[in-house]
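Student: what follows is a predicted protein model with its sequence.
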Amino acid sequence: MNILAALKREEAKLQKQADKVRQQLDAVRAAMKILGRGAARKRKPIGKKKRVMSAATKAKISKATKERWAKIRAAKAKRNSGLTGRTSGLPKI
């Protein structure tokens, strides 16, 4: 019976320690929750900043792109100017 009594005392001792650890864990979690909320408001976004382009820059890029495509289309039209459609020289029916 001494062994059983010793095991019960050990169980009670461990139960007290477990309760104490639970209380400490709850306190830590509460602190994390409080600090997490406050820090989230003040925290800077992670990653790269979003780049903002001015309207003038957008217009300049758009103009350059249109000019580039105009050159491509002009070269294509010049290359295909000798052709008169998709006919292969056969008469149309």
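Tutor: Right, received. Where do you want to start?

Student: now for the longest helix that the chain contains, which elements pack on it?
Tutor: Counting residues, the longest helix found in the chain (DSSP state H) is helix 2-42. Packed against helix 2-42, as judged by 3 or more CB pairs under 8 Å, 6 or more residues apart in numbering; DSSP states H and E, are no other helices or strands. For the C-beta atoms, the positions are set from N, CA and C on the backbone; glycine is no exception.

Student: next structured bit after it?
Tutor: helix 55-79 (DSSP states H and E).

Student: in the protein, what helix or strand scores lowest on average pLDDT?
Tutor: Ranked by mean pLDDT, DSSP states H and E, the weakest helix or strand in the chain is helix 2-42, scoring a mean of 85.

Student: quick one: distance of that helix to the chain centre.
Tutor: Mean-position distance between helix 2-42 and its chain equals 36 Å (CA atoms, centre = their mean, to the nearest Å).

Student: where's residue 32 relative to residue 25, distance?
Tutor: As judged by CB to CB, to the nearest Å, residue 32 and residue 25 stand 10 Å apart.

Student: tell me, how many neighbours does residue 20 end up with?
Tutor: For residue 20, the neighbour count with other CB atoms under 10 Å is 10.

Student: residue 28 now?
Tutor: Look at residue 28: counted by other CB under 10 Å, it has 10 neighbours.
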